[in-house]
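Colleague: Fold the following, please.
(chains A, B, C and D)
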Amino acid sequence: MSSKRITLQQAAEIITDGASLTFSGFTIWRRPMAIVFELIRQRRRGLHLIEVNGGPQTEFLVGAGCVDIWESCWVGHELYGKYGANLSRRVGNGEIIVEDYSHAEMMFRFAAGAAGAPFAATQTSLGTDIHNPAYDMLGRAGLRDGNNSRIPRHKYRFVDDPFYGAGQQVLVPAAKVDVAVMCVQQVGEEGTVRVSGQYYSDPEAARTADITIVMAEEIVPEEYLRREADRNTIPSFEVDYVVECPFGAHPTGMFGRYDVDGAFLKDFYGRTRTQEGFDDFAKEWIHGLDHLGYLEKLGWPRMLKLKANTALNYSAREKKGE
Amino acid sequence: MSSKRITLQQAAEIITDGASLTFSGFTIWRRPMAIVFELIRQRRRGLHLIEVNGGPQTEFLVGAGCVDIWESCWVGHELYGKYGANLSRRVGNGEIIVEDYSHAEMMFRFAAGAAGAPFAATQTSLGTDIHNPAYDMLGRAGLRDGNNSRIPRHKYRFVDDPFYGAGQQVLVPAAKVDVAVMCVQQVGEEGTVRVSGQYYSDPEAARTADITIVMAEEIVPEEYLRREADRNTIPSFEVDYVVECPFGAHPTGMFGRYDVDGAFLKDFYGRTRTQEGFDDFAKEWIHGLDHLGYLEKLGWPRMLKLKANTALNYSAREKKGE
Amino acid sequence: MGKEYAAPGEYGLADLLCCAASREVGDNEVVFAGTGLPMVAIMLAQKTHAPSLKLIFEAGTLDGRPPEIPTSVGDARCEMGASRASGLYDAFSIAQRGYVDLGFLGGAEVDQYGNVNTTCIGDYLNPELRLTGSGGNPDINSFARRTVFIMVHEKRRFVKNVSYITSPGWRVKRWPEGDFVPRRSLYGAAYRGGPSAVISTAGVFRFDRESGRMYLDTCHPGKTPREIRELCQFDLDISRVAGETEPPTQEELHLIHEVLDPDQIFIPRVKQE
Amino acid sequence: MGKEYAAPGEYGLADLLCCAASREVGDNEVVFAGTGLPMVAIMLAQKTHAPSLKLIFEAGTLDGRPPEIPTSVGDARCEMGASRASGLYDAFSIAQRGYVDLGFLGGAEVDQYGNVNTTCIGDYLNPELRLTGSGGNPDINSFARRTVFIMVHEKRRFVKNVSYITSPGWRVKRWPEGDFVPRRSLYGAAYRGGPSAVISTAGVFRFDRESGRMYLDTCHPGKTPREIRELCQFDLDISRVAGETEPPTQEELHLIHEVLDPDQIFIPRVKQE
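Modeller: Residues are numbered from 1 along each chain as shown, chains lettered A, B, ... in the order given. All right, here's what the predicted structure looks like:
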């Protein structure tokens, strides 16, 4: 058994310029931020993000100019920043292609991809501009010619249900991604993942992607996880690489481990409305630091305040909304 | 909160003549046998079984003449009876309509039903007689006219993938069932289900069905299950009724509780090749007994031998294959 | 015990919205909640007239009973007391399968048919301002039997035509033509209902069953129907006004500020000493 | 340490089949196993030349390491040491997604293109004998890169045309016409491979890459190619016989009978004292 262990730097190197990418987590929870920061340090370019929903990971990568295409349904920082200012700026400037689906459509696209089906049928969002043919942005950009294996020939298709007369169905194309980058509580050295709490769309992300990189708070003995197989979330053979990186999701939160660092996100949101602001923020918090340097800079008092109470699975110290 | 608790007799009464029905479990594991026996006692007729796979529950109901239509992919007793002798006899006599799908097709049909989609796309079983239009048995019987809301207008449809050029796809219709009858280790009084070990196709069965009845080895406090929500299998609001019935899966097995009673199944398989044999077996083991009478008849030595070792989750006493 | 209403000045607009939203919830209903004020409203209903409601959070928490307000639906707080914690595939499958009675949603713009925009302001192809995007807004609005929108009332938000239909109202676009058709005709078997109310900072609005057009149901205390009509770019029907929006009760105010949101994350206190 | 082969008489036909099947498994492969002899064969491979193979059981156990032979894939024994225990949706999604290298299957009838029947004997519309049905046979055979069939060798089983194509071989039916076409042409992007071997009680058979027709690869000890051809209703290609099937080693026999299947559930001992 060859080891699946790699470093943060190696993890980021696996994601090459132009790769299509997805992430674990949900909005401001369990995002693989340490790898995202490393991608920015390595000045990755031309990424195609296909996300069930976006969050700080999107905003950081978009702000740093790493992203050419974003397919998803939402980006923001929840309570700590009401929309994605970096994405908004770059869309306004025509620097990024945004393809809008609904949340359920994105989820069903990943479910189809994970099941090896080329599409899924759904009845969500009928009658909205999500299905406006004039708003097919990848099509407008001439990218639906079949040359990019990650971009389907159509944004969606309508068909009528032939079986039960259920009416108009939207066929949404399976998501296809090169790399899924995950951030979880525990992974075994052979790749078995145990997510605690909500698993969001992580199982589908891992199964859909050609390469899955799992960054975990801790790498634990496989044998420990395999004692209770029905508690595990992702099987060993779907995971190609594992990285141990405590607090790797910061400033996003992790069930049972630490809360969202709302002050950090507010600061990010407030300061990165402009490109100059983003560059300044990145200079302060990303460039010239490694992950340990980043943690040192955050400091103990901040991290201890965020640390989850193990009985509650969230921090009883952190004042919410701050 | 009105109680969801009912008795075995009431559970069987919910399943009316002509109902479409599905079950928890897999082949000879975690089948709701105590309710199946009660259905036979109540002489239910005209059932339409739609199962991911069949097993002893199928063979008992079919042998007793309760079933008019069986849609599935497999029936037998694994090691203890190599095929479904009762189904085989009744198919040969033209007493039952059998609609054959593949195992994955049946699973995807339930997944579509559970997701509220009218169909799923798959590429399994291309080129087989499962897709032979002459072998559409519900169609041959004139039942695909749209009058039965549980029977789709087509057995399947072919379409070409418009998105990635992945070629021919089989669209299989969602499964639609009136009642799912489940047998699990634990259920809370509000309906939360915690399955231990493999959950087979139980989550999809419960979500697809209009009514879900959960028979459990034990009804436990909801609050106990809700302390670790990420270990539960089926949410409260998908469950309409709960029944407490220890050893309710016998002669099938249950992870962590008891093994398959191979001797019982062998005896059943050996004795029920003929209708007379079945009637004789039913007279001995079903009619005139209630569940406690059935357990008394089985006796302590037999049940203690089957009882699972709690460290292993299976019996270390039972000699397999006997 | 009769209801003891709070007097004007004892409560703020957020309190009023929260209580009005809470009253939309029936007991035993399955309710799909987004982040923010709707979460407080639903938990308020859970603690008052709807103790048996089932709360679903989009991120994958089913029938949760959080003891304190989560900051978002992905929050670890969602899962306290929940029946099951899983993921989005579960949540959206449950919604599409038809389990959801009521969903609470928000929006940046709304038109008279209840079409809502959360995607962008201005031309989609060249937006003045890109917003968050759809999130689960169209999904919940497609599958729940009823949806309630909670919005800030400004004339620029109650518009003739939204910049982008993110979430479908009672008359929606049929593609590829793009003409408006009744919601029911498009949704076919998936039709279960649609927007049932808009609760704005000015009043409570409902929709005519036949025409699908918005009308003013109740005015918030201190607002007149004419004032409210002036705050809409479309011709608001004010012929059916039923009176004033019911104010919060003392019990509700206590629950909001002492139990549910003591840190004033979503609902500020009106009186600070 | 060289291989120490068992002498004729020291092993039975089931031992030979089990070892031949085991040798089809490569290390690090993801293997989809059905109940019975294939399970023993794969676990034998796991304990000899393929310690890093990943075992998937159809009922939902992923990368399991059962210490003793499960009686079926639904068995609690499957889950000992597993990476994940879940359900059939997972198992079949993983297969359709393309993770599976090898599947072991059985059958009642096989034709020269590897089409296999497990559904019925005689006319499907009026069957002489209804069998179990497809189970996962066509699914695994559709999605795995290679499949290996293990069968009893009788002339009535190696037929010109199977009564019902349950599981697709190298030339399959295109519907609605029902004409035979090459597997690859039908499967398109889903094509990953197909039946790679049939291990019968007479010999080991493989398939010509071009024609998709079965040929005899090795004869089991004591059988001749002509005898084996006589046991087929179709014209078996015996021009490429590579020799005799490799017998079990002492180590393999020890593992089968002392470690994996001491209770002789699936593999009887040849010598009982």
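Colleague: contacts, neighbours, all on C-alpha from now
Modeller: Noted.
Colleague: Give me the phi and psi for residue 210.
Modeller: In the absence of a named chain, this looks at chain A. Dihedral pair for A:Asp210: phi -70, psi -40, per degrees, to the nearest 10.
Colleague: How much space separates it from A:Phe237?
Modeller: Using CA to CA, to the nearest Å, one gets 12 Å for the distance from A:Asp210 to A:Phe237.
Colleague: which of these two has more neighbours?
Modeller: The residue with more neighbours, out of A:Asp210 and A:Phe237, is A:Phe237; 20 against 15, by other CA atoms under 10 Å in any protein chain shown.
Colleague: Would it be right to say that the more buried one lies in a helix?
Modeller: Yes. Counting by DSSP: H, G, I helix; E, B strand; the rest coil, A:Phe237 is found in a helix.
Colleague: Contact partners for it?
Modeller: A:190-192, D:54, D:63 (CA atoms under 8 Å, 6 or more residues apart in numbering or on different chains).
Colleague: A:Phe158 now?
Modeller: A:Phe158 makes contact with A:168-171 under the criterion CA under 8 Å, 6+ apart.
Colleague: Just after the helix or strand harbouring it, pick out the following helix or strand.
Modeller: Secondary-structure assignment from DSSP states H and E places A:Phe158 in strand A:157-160. Moving toward the C-terminus from strand A:157-160, the next helix or strand (DSSP H and E) is strand A:168-173.
Colleague: Can I get that following strand as CSV, trimmed to CA atoms?
Modeller: This file holds the C-alpha atoms of strand A:168-173, laid out as CSV (Å, rounded to 0.1, in the frame of the first residue of the first chain):
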residue,chain,number,x,y,z
GLN,A,168,-42.2,19.3,-18.3
GLN,A,169,-38.9,18.1,-16.9
VAL,A,170,-35.6,19.9,-16.9
LEU,A,171,-32.7,17.7,-17.7
VAL,A,172,-29.6,19.1,-16.1
PRO,A,173,-26.2,17.8,-17.2
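Colleague: Is any residue of it near chain C?
Modeller: Yes. On the criterion CA under 8 Å from any CA of the partner chain, strand A:168-173 is in touch with chain C at A:Gln168.
Colleague: do that strand and chain B meet at all?
Modeller: Yes. Contact between strand A:168-173 and chain B, assessed by CA under 8 Å from any CA, occurs at A:Pro173.
Colleague: Tell me which helix or strand comes right after that strand.
Modeller: Beyond strand A:168-173 in the direction of the C-terminus, DSSP H and E gives the next helix or strand as strand A:179-188.
Colleague: Test my guess that C:Pro38 contacts C:Arg23.
Modeller: No. Applying CA atoms under 8 Å as the test, C:Pro38 and C:Arg23 come out as separate, 11.5 Å apart.
Colleague: Pick out whichever of these two has more residues nearby.
Modeller: Comparing C:Pro38 with C:Arg23 by neighbour count (other CA under 10 Å), the higher total belongs to C:Pro38, at 25 against 17.
Colleague: Quick check on that one: phi, psi?
Modeller: According to degrees, to the nearest 10, the main-chain angles of C:Pro38 amount to phi -60, psi -40.
Colleague: Distance-wise, check it relative to C:Leu105.
Modeller: Note on C:Pro38: its distance to C:Leu105, by CA to CA, is 8 Å.
Colleague: which neighbours do those two share?
Modeller: Joint contacts of C:Pro38 and C:Leu105 (CA under 8 Å, 6+ apart) are C:Ile150.
Colleague: and which of the contacts of A:Phe237 is nearest to chain B?
Modeller: Chain B has its nearest neighbour among the contacts of A:Phe237 in D:Asp63, at 13.0 Å by CA to the nearest CA.
Colleague: Tell me how many other residues crowd the closest one.
Modeller: Applying other CA under 10 Å, we find 29 other residues in the vicinity of D:Asp63.
Colleague: quick one, what contacts it?
Modeller: A:235-237, D:54-56, D:82-84.
Colleague: show me the contacts for C:His153.
Modeller: C:His153 sits next to C:200-202, C:231 when contact means CA under 8 Å, 6+ apart.
Colleague: now with 7 Å?
Modeller: By CA atoms under 7 Å, 6 or more residues apart in numbering or on different chains, the residues touching C:His153 are C:200-202.
Colleague: Of those residues, which belong to strands?
Modeller: Members of the contacts of C:His153 lying in strands (criterion: DSSP state E): C:Ser200.
Colleague: For the contacts of C:His153, pick the one with the most neighbours.
Modeller: Neighbour counts for these were taken using other CA under 10 Å; the highest belongs to C:Ala202, which has 26 neighbours.
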